[in-house]
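Novice: Sequence first, predicted model second:
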Amino acid sequence: MIEVKNVSKSFDGKPVIEHINGVFERGNSNLIIGASGTGKSVLLKNMVGLMPPDEGEVLYDGRCFTDGNKELQTEVRREIGMLFQGGALFDSKNVEENVGFPLNILTKMKPDEKLDRINFCLERVGLENVNKKMPSELSGGMKKRVGIARAIVNNPNYLYCDEPNSGLDPQTSIRIDNLIKEITDEYNITTIVVTHDMNSVMEIGDYVMFMFQGKKLWEGNKEEILKSDVKELNDFVFATRLMKNIYPR
Amino acid sequence: MRSLGKFLIFIARLVIRREKFVTYIQLTIDECIKVGYNSLFIVTIVSVFMGAVTTIQTAYNLVSPFIPDYVISLVARDMVVLELAPTVMAIVYAGKVGSNIAGELGTMRITEQIDALEVMGINSTSYLVLPKIIASLIMYPMLVVLSAFLALYGGFVAGTITGVISAADYTFGIRADFIEFNVFFALIKAFVYGFLVAAISAYKGFYTVGGALEVGRSSTAAVTSSCIAILLADYFLAQLLLG
Ligand SMILES: Nc1ncnc2c1ncn2[C@@H]1O[C@H](COP(=O)(O)OP(=O)(O)OP(=O)(O)O)[C@@H](O)[C@H]1O
Ligand SMILES: [Mg+2]
């Protein structure tokens, strides 16, 4: 369980996220949705400590992550797997080395155990026979999937995915959504996914937080989202004809 | 002043290390190859020509019949050992290695690779930068020694081919009045420059903010700042050790 309490962050006096509160339960796929530029990535970076929040705190299963205790921070981070919005693969390393990187650093696995684990993870994201390819030789969607494989390779307790399926075709996209859900259920981890894809919301949204211009406007689950009376949320949810037709109001 | 403070904090964070010692060994070896081996070509070219030009120009300036020919190579030797091999080569080194380091780290920063390391709980400063600095401390003095030899050889070839000095005079000259301290001094310079180039360039790259354009800017800034630092250090070292 990850708790976010009253987190705010501003850049050059301009607030980007304001007083965000939320509880992300273990075993749930927790989604953060919102339009482009509302501060979803910034919130994520505050939660993993890449940016210190101006105020507020973040707790990982009761452990306070934001009080400046470096040892605790490192300890928690080693339980975090994260997919960055752009993939953030190490471009001097091939796919296998990228995925295996957390294992090299954080575990004492033997080389063949590592390789098994790497191949297992790559298989789960639907990538085979790309082990020796460099990131520059992969398509955008493939990079994303390698990023996911790297995020899950070390059996994290907390999984963050920043837009795991932007740039993917609908089928791969659903496959990734389901993969995230499966992993969450299977290992009973706390998963947080940032997305603006309503498909994902309807597929896997156990808990959904809707952000609008840096504030949390709504929270609930995927059933409730269809019945909300928050105008901004409705505009977001029913922006496409597809959603309007499938869930007529 | 503020950036100097930030730079010092950056350096301090390098030594608070967290990763296994073996990790650093492999990384440092990789960096040595990038920093040293990959600079061999440019160092060779520049050194040979530097030596050749120095010899010929010294000969041109020493036209008096009272000065024996061997003085040409003696003067050329002292110039090469004291200034050209360590300092001029450092400028070349800043252009090659410094821009490379800043570009690499800058790209890693803007594509969130550094963030990815941090999230894995790795001290990205020491993981990425320390091996580069150690590699530079090891390799740059070696490059300076090589450069000095090549420059003297270049001077020999140019001097004898153009006929401004005979082979025997040249060899005699580079051996005459040899002061061992000069070599020691050159090596001290080499260590200092090796550190400065790697640390300043890494700092510039590491704190890149923005996009591809800013990575280019960081590379340029890395070379400029390194060169200024080299020349300042050159002056202070001369004051300190020769004054
Ligand atoms: N390091 C930074 N310095 C200054 N401003 C920033 C920084 N990072 C983000 N911002 C600003 O914060 C706002 C929110 O950015 P953020 O990346 O969180 O958006 P997002 O919700 O993730 O959007 P998207 O869905 O397009 O990824 C933007 O207006 C952005 O300009
Ligand atoms: Mg984002």
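Specialist: It's in. Residues are numbered from 1 along each chain as shown, chains lettered A, B, ... in the order given. Ligands and ions are numbered 1, 2, ... in the order given.

Novice: The nearest residue in space to residue B:68 that is not next to it in sequence in helix, strand or coil?
Specialist: Once flanking residues are discounted, residue B:68 sits nearest to residue B:169: 7.5 Å by CB to CB, 6 or more residues apart in numbering or on different chains. Backbone N, C-alpha and C define where each C-beta goes, glycine included. In three-state terms, and counting by DSSP: H, G, I helix; E, B strand; the rest coil, residue B:169 is helix.

Novice: Kindly report the same for residue A:43.
Specialist: Classification of residue A:43 using three-state DSSP returns helix.

Novice: per-residue pLDDT, the closest residue to it other than its chain neighbours?
Specialist: In this structure, residue A:43 finds its nearest non-sequential neighbour in residue A:17, 5.3 Å apart by CB to CB, 6+ apart. The model reports residue A:17 with a pLDDT of 94.

Novice: what sits against residue A:17?
Specialist: A:7-9, A:39, A:42-43, A:46, A:211, A:214-215 (CB atoms under 8 Å, 6 or more residues apart in numbering or on different chains).

Novice: residues from chain A in reach of ligand 1?
Specialist: A:11, A:16, A:34, A:36-42, A:85, A:196 (CB under 6 Å from any ligand atom).

Novice: Helices - which of those residues land there?
Specialist: Applying DSSP state H to the residues of chain A next to ligand 1, the entries found in helices are A:40-42.

Novice: Residue of chain B closest to ligand 2, please.
Specialist: residue B:112 (10.9 Å; CB to the ion).

Novice: What number of residues are in the vicinity of that residue?
Specialist: 22 (other CB atoms under 10 Å in any protein chain shown).

Novice: from what I can see residue B:112 touches residue A:83, true?
Specialist: No. Residue B:112 sits out of contact with residue A:83 when judged by CB atoms under 8 Å, with a separation of 10.5 Å.

Novice: Can you classify residue A:68 as helix, strand or coil?
Specialist: coil.

Novice: What ranges does the chain have for its strands?
Specialist: Assuming you mean chain A. A:2-11, A:14-24, A:29-34, A:55-60, A:63-64, A:80-83, A:158-162, A:190-195, A:207-212, A:215-220 (DSSP state E).

Novice: was after chain B, sorry
Specialist: Using DSSP E, strands in chain B do not occur.

Novice: Not counting sequence-adjacent ones, nearest residue to residue A:76?
Specialist: Nearest one to residue A:76, counting by CB to CB, 6+ apart, is residue A:60 at 5.0 Å.

Novice: So in terms of bridging, what pairs with the one you found?
Specialist: residue A:2, residue A:63 (DSSP bridges).

Novice: can you pull the contacts of it?
Specialist: Listed by CB under 8 Å, 6+ apart, the contact partners of residue A:60 are A:1-2, A:76, A:79, A:158.

Novice: What separation is there between it and residue A:66?
Specialist: For residue A:60, the distance to residue A:66 (CB to CB, to the nearest Å) stands at 10 Å.

Novice: Right, I'll call it a day here.
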